[in-house]
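Enquirer: Fold the following for me, if possible:
(chains A, B and C)
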Amino acid sequence: MIRRLVTGITFSLVAALPALAIEGAREVFPAPGPQAGRLVIHGATDLETMRPLILDFQQVATGVTVEFVDYVTNDLYRQAEKACAGEAESGDILLSSAVDQLVRLANDGCAQPHRSAETLTVADWANWRDEVFGFTFEPVVFVYDKRAVPVEDVPKSHEDLADLLRLKPTVYSGRIGTYDIEASGVGYLLAFYDARHAPTAYGRLIEGLSRIDTVTRCCNSEVLGEIASGRVRLAYNVLGSYAYRAASENPDLGIVVPNDYALVLSRGAMIPKDAEHPQIGKEFMNYLLSPRGREVARQKAFFFDDGKPLPPGVEGPEALMESGVGRPIRIGPALLAAQDESQRSSFIANWKHLVSGE
Amino acid sequence: MALLLGLGAAALITAAWFYARTAADEAYDRLLLGAAFQMSENLTVQDGVIKFDLPASAFELLGLADSDRIFYRVVTPDGKTLTGYNDLDTGVDLTAHQSQPVIGNSTYRGVDLRHVTVSRVLTQKSGVVWAHVIVAQTLESRRALAAELTTRATILVAIMCLLALAGSAIAVRYSLHPVDRLGRVLARREPQDLTPLDLDVPRELTPFVDSINRFITRLSERMTLMQRYIADSAHQIRTPLTALNAQVSLIDDEKLAPADRRHMERVRRRASELSRFTNQLLNHAMVIHRFDSVQLAPVKLNDVARKAFRAAVPMTVDPDLVVSFEASPEELMVTGDELSLREAIVNIIDNALRHGAKGRLDVKVGRDGDNGFVEVSDDGPGIPPEEWGNVVKRFYSSRSEDQVSGLGFAIAAEVALALNGRIGFREKTEERPFAIHIALPLIEGGQA
Amino acid sequence: MRIFLVEDTHDVGEAICRRFQQAGHTVDWETDGQAASDILSFTEYDLVVLDVMLPGRDGFSILKKMRQSGSGVPVLILTARSEIDDRVGALDLGADDYLVKPFDFRELEARARVLLRRRAGGEATNLITCGDVVLDLSNRSVTVGRREVQLKRREMALLEILASRPGKVFSKEELLDRLFGFDEEVGENAVELYVGRLRKKLEGATARIVTQRGIGYQLVADGA
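Expert: Numbers count the residues shown, from 1 in each chain, chains lettered A, B, ... in the order given. Reported below is the predicted structural model:
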């Protein structure tokens, strides 16, 4: 089941592209200067989030026309697999929050390495083989509706959340939202890591969720939309960046970085081996990893950054990484375990069985 | 040396490369095996169905080789791929049970792999079956590790080579130092010095020095024998020669026929020549022998020269010849052997008397800077400069057939050389007569 | 004069004897060292000519004994030994002169003559000076300035006569008498010959032999 994300984005389909049946929104950012090149981004990342980065990149590379094609993570993966096998057109750079999928692609030989002054600044845990780079720093947070969740109920940790579900199942039944991990690659990844990092807490949480009617959605934005609409009071495993953007538009949303542990996802970027314009892809990669790109990301796109304090209004531990609370999802071969088909299917089956009662 | 080091270094580096490859393989094979075992542990049978729970820790283990790609495949007893890369084939027979993990190399998707196959025995209703776990890893980390180890070994080898070169250069220099010293000692040696070397040398050089000493001793003995032979021969000649002279002197020329008288005169002259030559031969042997045995001592040059003058000028010298001796006003001291030195001067004067002086012969002792000299000048024709180098050779005949200078100058020159002095000649000019001198360094302070 | 010869080589001894006898000397010849030593202990000679290598007793030993017993007889050593050290030894032991075999017999005669004369003339130290010419009568040497000039016996005698009275003119006849005596027959021009030689040997001196034509010769110091 593929649910297509359709947001209010201008369609700018130049031609009918039947092969790309799974692609989502596509937007072209014409070069501000005389066009000298074209960059095709395949992104499993909100276009709105990427927009300021793309625009700022074009300030640097004025001759580059950027074409952004939006996918859900799983679609992006499938598209890339096909491209790798030569069955589909390849993007010049892939951006995805489901870094396990990018790692799998790289492991399967679908990436080309890239080394530059900028890639050298990337933390060890966010670089695999110089092929997959993490270019963001996104703690995974709880988001709650300030209007509906009393202060004493606001969970500060995963334990708190499990307790809340155990103590007040009736109050929160149908009011807790999270990813549908079958539909969302990143949802699956986060759940998988929850299970690995804190098996006990995860078990209790799943047990709690199994008792109530949990709302699952394909994507962050939908989950957040449910909170805004008042249907869902609390959402867990929301990427901090989306949460913060939503909260900045809706003051009723509260954000908590759990203080027992907080997964930190670094959104991945990869140059496919068959990229048509790999040089421009690499240029864009350098931009994302550069201090300028990071600064724009911190202010307009992802709001969190490694080594910087949490953005205002976010509850949580002060120094995320230093305190040991932040658990970065290491971009590396261990992610292949998450990508294993049998693993994935049994994990999802188990999860659905418990959470959705299917 | 450098070639040897180079070959040695090449061998070492090659060995280091093999070793590094083996070490890297061993290290990473353990990761591979560990991961494979972990994975095979997670194969279970639930309700007759084979279940597999892929442990992330296995990948974390493999992830220690952080730049390598990982491929794996879990194969059920019926040959089906449970999970993983179903086209991953390592050539291992998956229909049989492997009691030991099989490790090997293969190529998959165009890249070189190191793979391990582990069998896991499972119990099903149908009986005992086995499943296989294949884990493979690219070789980048191994190669990087091997390269790094080899590089380090190479650097070490290079450093060792440099140290060895420097060390052996120093060692060679150091160990050759005694040889240098030995060489210098030999070079400094006086030609007449045939005493054994008395020199502290390392044990390794002792046979060498002993050989030299044996040679010197043999040479010395040989020379002593030869000198003794000459001396003895000369001595044996002396007595009959004296008798010959005596008999000749008794012949009354007046009673001889004119022709016989002429023959008699020749006999006399030849007998006298023979006498003189015998003396020279004897004295030469004596002088050489003395420098081997006699300790040099300060000598008063005036005294020696005066004695030589008296000895050299016979009573029977031509009365028309003006012969004079002029001593130095200051006392001049030289290091020498009085007898040898006197003999040297005697021979110079003797030569001047016989071959040079027509009307005048002057002997003068004087000082020239740091040297004292005895100069013998005569009003004869002198010796032309081109002959100066030759007349000091033994038995060199400078002038006509019968005027053999014999050993006279040779004795003088050898004595001068032995005493660090020299024989010098002065060309005849309008103003000054021809002169020969023997010059010797004065003892520090010059005068006594 | 009486000369004692100790020499074991027969024909050499014979020749020496003959030469000395021809010169008018009396020669006693002994071939055995011990016998010679014994003879010397009770017989006085004017000159002893001594060979070193002797049967019975060697020459050095004989010489040593002579000197120890206080004999001042001039001794001339003849040596055939292969080292000149002998000469030194001989002189140290009190020999007056030596000759190394083989020697020139005229030289032997000349040296013997000197030794005999010295014995006859005594040992008086006497210096005669005229200008820068110094005549040492004791060792019969003549110095001109710093140069020691070798003079023959007659030249020495001539100089001695002239220098004894510098400035005095000696007639040719007087000089002839004093130089040769009456028994020797010499030519008229013998004096002129010796004067000529002496003049040559005094060349460069500040004293000269001046010829007073028709009268004779005188020794004159420059500036005197």
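Enquirer: Name the helix or strand for residue 221, please.
Expert: Chain wasn't specified; assuming chain A. helix A:220-228 (DSSP states H and E).
Enquirer: wrong chain, I was asking about chain B
Expert: helix B:206-250.
Enquirer: average pLDDT across that helix?
Expert: Summarised as a single mean, pLDDT over helix B:206-250 is 81.
Enquirer: Check stretch B:347-362 too.
Expert: Taken as a whole, stretch B:347-362 has a mean pLDDT of 85.
Enquirer: In the stretch 51-200 of chain A, which residue sits nearest chain B?
Expert: A:Asn107 (4.7 Å; CB to the nearest CB). In this view, the C-beta of every residue, glycine as well, is placed from N, C-alpha and C.
Enquirer: is it true that that residue touches A:Gly332?
Expert: No - between A:Asn107 and A:Gly332 there is no contact under CB atoms under 8 Å: 10.0 Å.
Enquirer: coming back round to it: report the angle between the axes of the helix or strand that comes right after the helix holding B:Glu221 and helix B:206-250?
Expert: Downstream of helix B:206-250, the next assigned helix or strand under DSSP H and E is helix B:258-293. Going by axes from the mean of the first three to the mean of the last three CA atoms, to 10 degrees, helix B:258-293 is angled at 150 degrees with respect to helix B:206-250.
Enquirer: Which positions in helix B:258-293 come out as buried?
Expert: Buried positions in helix B:258-293, judged by neighbour count with 16 or more other CB atoms under 10 Å in any protein chain shown: B:264, B:268, B:271, B:275-292.
Enquirer: What's the per-residue pLDDT of residue 169 here?
Expert: You didn't say which chain, so I picked chain A. Taking A:Pro169 on its own, its pLDDT is 85.
Enquirer: You answered for a different chain; I wanted chain C.
Expert: 85.
Enquirer: What is the burial count for it?
Expert: Per other CB atoms under 10 Å in any protein chain shown, the neighbour tally for C:Val169 reads 16.
Enquirer: Could you pick out the residues of chain C near chain B for me?
Expert: Contact residues (CB under 8 Å from any CB of the partner chain) of chain C with chain B: C:9, C:11-12, C:14-16, C:18-19, C:80-85, C:88, C:100-107, C:110-111, C:113-114, C:144-150, C:152, C:155, C:197, C:200-201, C:203.
Enquirer: Where is the longest helix in chain C?
Expert: helix C:105-121 (DSSP state H).
Enquirer: how about that one: buried residues?
Expert: The neighbour-count check on helix C:105-121 (16+ other CB under 10 Å) flags C:105, C:108-116, C:118-119 as buried.
Enquirer: Assign a three-state SS to B:Asp93, would you?
Expert: coil (DSSP: H, G, I helix; E, B strand; the rest coil).
Enquirer: any idea how chain C splits into domains?
Expert: According to automatic domain parsing, chain C comprises the domains C:2-121, C:127-221.
Enquirer: what's C:Asp38 sitting at in phi/psi?
Expert: phi -60, psi -40 (degrees, to the nearest 10).
Enquirer: Check what pLDDT it gets.
Expert: 90.
Enquirer: Look at it and say how many residues are nearby.
Expert: Around C:Asp38 there are 15 other residues, counting by other CB under 10 Å.
Enquirer: which one of the buried residues of helix C:105-121 sits closest to chain B?
Expert: Using CB to the nearest CB, these come closest to chain B at C:Ala110, 3.1 Å.
Enquirer: how close does that closest one sit to chain A?
Expert: Distance, C:Ala110 to chain A, by CB to the nearest CB, to the nearest Å: 115 Å.
Enquirer: which residues of the chain score low on pLDDT?
Expert: Since you didn't name a chain, this refers to chain A. Per-residue confidence for chain A (pLDDT under 70) gives these ranges: A:1-24, A:357-358.
Enquirer: wait, chain C
Expert: C:81-92, C:119-125, C:138, C:181-185, C:188, C:223-224.
Enquirer: Now do the contacts for B:Gly8.
Expert: Listed by CB atoms under 8 Å, 6 or more residues apart in numbering or on different chains, the contact set of B:Gly8 reads B:Cys161.
Enquirer: Which positions in the stretch 51-200 of chain A make contact with chain B?
Expert: Checking the stretch 51-200 of chain A against chain B by CB under 8 Å from any CB, the hits are A:106-109, A:128-129, A:196.
Enquirer: Which pair of those spans the longest distance?
Expert: For these, the maximum inter-member distance is 26.3 Å, found between A:Gly109 and A:Arg196 (CB to CB).
Enquirer: ok, these two, which is more surrounded?
Expert: Shown here are A:Gly109 and A:Arg196; by other CB under 10 Å, A:Arg196 has more neighbours (19 against 16).
Enquirer: Cheers, nothing more for now.
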